[in-house]
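**Q** what follows is a predicted structure for the sequence shown.
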Amino acid sequence: MSGFVAVFNLDGRLVDAQIAGRMLTAIAPRGPDASHVWTSGAVALGHCLLATTPESVDEYQPHEIAEAGLCMAFDGRLDNREELAEQFERERVMPAARSDAAFVMTAYRCWGTDCASRLLGDFAFAIWDAKRRQMFCARDVIGLKPFYYHHGPDTFLCASEPQALMAHPAVSRRVNEGMVGEYLSVVTSTTDTPFADVQRLAPAGRLIVSTDRCRVDTYWAIDTAKEIRYSRQAEYAEHLHEIVRDAVRVRLRSCTPVGVLLSGGVDSSSVLGLATALRRSGAVSTECNAWSLVGAGDVLDESPFIAQVVHKNGCRGRRFPGSQFPAEDYHRHARQRADVPCPPTGRLMQMLKQTAYAEGTRTLLSGLWGDEWFGGSYYHCTDLFRSGRWLALAREARVRSRVPELTVPHPLAKVLTWPLLSRTMRKRIKIMIGRDGVPAWVRPDFARRIALADRLYPDVPDTAFPTIAQREIYREVTGGVSVLGTEEDDRVMAEFGIEARHPFADRRVMEFGMAIPDQVRWRDGVKKAVLRDAMRDYLPDDVGARLTSAEASSVFLPPIRECIDSGLLQSSRIERHGWVDVSEVRRLDETITRRYRSGDLSYARDVWPLWSTLAVEIWMREAVETSGTVEE
């Protein structure tokens, strides 16, 4: 993992190396091991290194091939180096160094701007091509590595985090009211930021900028027609085991010991089991241990499951209490990052991450994304209804009614029929009946001014998967909330010099998960049936049979209470600008408090929007007003 910046003065004026250096300093925690700036005429590239792979220990970036007129800054990790090396040999072009950056540069020399589609891994990069007088940038298919950019009349900038762009005088703190509206409701955009002068490159995004144009498109899309069908359930499990095992193997390429963020659930326990099995077999030599969070909030202590998994794998297990922070910490976070502060759940692992880095563990594997691909969707009921499989639908409805984890959150009639309508028709009906998605605390005149209902329900066609369940799973995974959360995860890890790696986010795992039948994901009231089958040898019996998962919403309550009680909503900036009705925000707070105290778990659905509203207020005070003026 690393951080990078790039400057391209489109009008040809010489680049200011000091400004590029200030940009790089703004993201210095991402790369404590080395920092360099390269300049040539109107272009500058900067890179700060966190060495996490054997090949990166002696790496020097930005990576230049002077005779080809190429220079690149790369953040990330490649997971198909062996395959690429074979392709390079056939092309008779060899990397100039052994680093991942050198491999990406060689891929660019072989296949030009189509190279990103051949890369597996987590990455974001910028390549300056002097002969073509253009900068080529790309980001991995899930968006695990962040990429922010600014394209103005005279200047193009890009960086791993927005505070780097804010260090350049071409970038203002002018507010993007449309994105503010989404933060106050639900984030749907994968490209906007709260600042009008800063954009994000979407997952699987490709950007090519020259002096007279800036083209943004995508280099990869899921194959919606692909279906994986086997005659036996065991074949699905065998296939999944093979690709997840390899996804874990390639992510154990590390120059330091690797930790697994173990929760005691099926996903993270599978990752730890595979990692320790790979080491015992001699397939890898990387030391791997368990790092766990316990005792945070009301229902986060999963110690009994964690202990069983650690014992089964014979590895070292470290446990840490969840970290809690005063409200001022979120203000400081917004100032430092020039962004909306991360949610309280993003701060829970601070002690864990500090200790890991101090003890020499720079890489942490997670079980994230297992839920998305293998947890199943209640919209499978819609598919059964659409195909006229009435008996199967009745059986599924009966099973789901008995299992809390599978309970359908909406009236069954709506689940069966609503998804059959086009997105445009659903939007029209919602607006007609006055349910346009705009929450009560967002002022109606503000919502109309920014066309918030259109942002929340954009007029784009649904992705054409064979089943509605597949469509809804993919829409959730690729939606604004998921992408923003993924970026947030990377950034909060980077603050402590830690690289997070997610085996279940491997593109091969995703493609498998999206192509299998929904009935393979869950069976007889058991979610992740295919994953449990595939990982049976690595899971303690209690973990393999576990149907519950931790719920962290109560973690939000102390910082929410402190923010409100300390007067955050007094002289509110978000009210002053006409965005929010603070009385409605207070009413939401009272509702959450009343439900929580009475044991009504429905409080959990409202803590995210309440926190997000308070976070926008903090952002306005600390990230916008620090510039001295507020531009709209």
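**A** Structure received. Numbering: from 1, shown residues only.
**Q** longest helix of the chain?
**A** Counting residues, the longest helix found in the chain (DSSP state H) is helix 233-250.
**Q** list the buried residues for that helix?
**A** Going by neighbour count (16 or more other Cβ atoms under 10 Å), the buried part of helix 233-250 is 236-237, 239-241, 243-250. C-betas here are computed from N, CA, C, even on glycine.
**Q** surely residue 163 meets residue 28?
**A** No - with contact defined as Cβ atoms under 8 Å, residue 163 does not count as touching residue 28 (10.4 Å).
**Q** neighbour count winner among those two?
**A** With neighbours defined as other Cβ atoms under 10 Å, residue 163 and residue 28 compare such that residue 163 has more, 19 against 12.
**Q** please report how far that one lies from residue 314.
**A** Shown here: residue 163 relative to residue 314, a distance of 43 Å by Cβ to Cβ, to the nearest Å.
**Q** what do you get for residue 124?
**A** When Cβ to Cβ is applied, the distance between residue 124 and residue 314 equals 37 Å.
**Q** next one: residue 152
**A** 56 Å.
**Q** more crowded one of the two?
**A** Taking neighbours as other Cβ under 10 Å, residue 152 and residue 314 compare with residue 152 leading, 13 against 8.
**Q** confidence score at that one?
**A** The predicted local confidence for residue 152 comes out at a pLDDT of 96.
**Q** same check, this time on residue 297
**A** Note on residue 297: pLDDT of 55.
**Q** hmm, back to that, and the two most separated of the buried residues of helix 233-250?
**A** Pairwise distances across the buried residues of helix 233-250 peak at 22.0 Å for 236 and 250 (criterion: Cβ to Cβ).
**Q** how near is the closest residue in space to residue 420 that isn't next to it in sequence to residue 95?
**A** Across the structure, with Cβ to Cβ, 6 or more residues apart in numbering as the measure, the residue nearest residue 420 apart from its sequence neighbours is residue 386 (6.4 Å). In this structure, residue 386 lies at 51 Å from residue 95, with Cβ to Cβ as the measure.
**Q** those two - which one has more neighbours?
**A** With other Cβ under 10 Å as the criterion, residue 386 and residue 95 differ in neighbour count, and residue 95 comes out ahead with 22 against 15.
**Q** tell me the secondary structure for that one?
**A** Using DSSP: H, G, I helix; E, B strand; the rest coil, the structure places residue 95 in coil.
**Q** got the contact list for the residue nearest to it when sequence neighbours are not counted?
**A** Spatial nearest neighbour of residue 95, excluding adjacent residues (Cβ to Cβ, 6+ apart): residue 102 at 4.0 Å. For residue 102, the residues meeting the contact criterion (Cβ atoms under 8 Å, 6 or more residues apart in numbering) are 63, 95, 96.
**Q** residue 72 belongs to a strand?
**A** Yes - under three-state DSSP, residue 72 sits within a strand.
**Q** residues in contact with the residue nearest in space to the middle of the chain?
**A** The centroid of the chain falls nearest to residue 486 when counting by Cα atoms, centre = their mean (1.1 Å). Remark: with contacts taken as Cβ under 8 Å, 6+ apart, residue 486 is in contact with 142, 143, 144.
**Q** just these: which are in helices?
**A** For the contacts of residue 486, not one is inside helices, with DSSP H as the criterion.
**Q** now the buried members of those.
**A** The neighbour-count criterion (16+ other Cβ under 10 Å) marks 142, 143, 144 among the contacts of residue 486 as buried.
**Q** I'd like to know how far the first one sits from residue 368.
**A** Okay, so that is residue 142. Taking Cβ to Cβ as the criterion, residue 142 is separated from residue 368 by 10 Å.
**Q** what sits in contact with each of the two?
**A** Common contacts of residue 142 and residue 368, defined by Cβ under 8 Å, 6+ apart, comprise residue 505.
**Q** one step back: ok, so of the buried residues of helix 233-250, who is nearest residue 397?
**A** Using Cβ to Cβ, the shortest approach to residue 397 within those belongs to residue 236, at 24.2 Å.
**Q** adding pLDDT, write the buried residues of helix 233-250 out as TSV.
**A** Listed next are the buried residues of helix 233-250 as TSV, based on pLDDT from 0 to 100:
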residue	pLDDT
236	97
237	97
239	98
240	98
241	98
243	98
244	98
245	98
246	98
247	98
248	98
249	98
250	97
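**Q** from those, which is closest to residue 419?
**A** With Cβ to Cβ as the yardstick, the closest approach to residue 419 among those comes from residue 236, at 25.0 Å.
**Q** for residue 370, see how far away the closest one is.
**A** Here the distance between residue 236 and residue 370 works out to 15 Å (Cβ to Cβ).
**Q** for residue 131, same thing?
**A** Counting by Cβ to Cβ, the separation of residue 131 from residue 370 is 44 Å.
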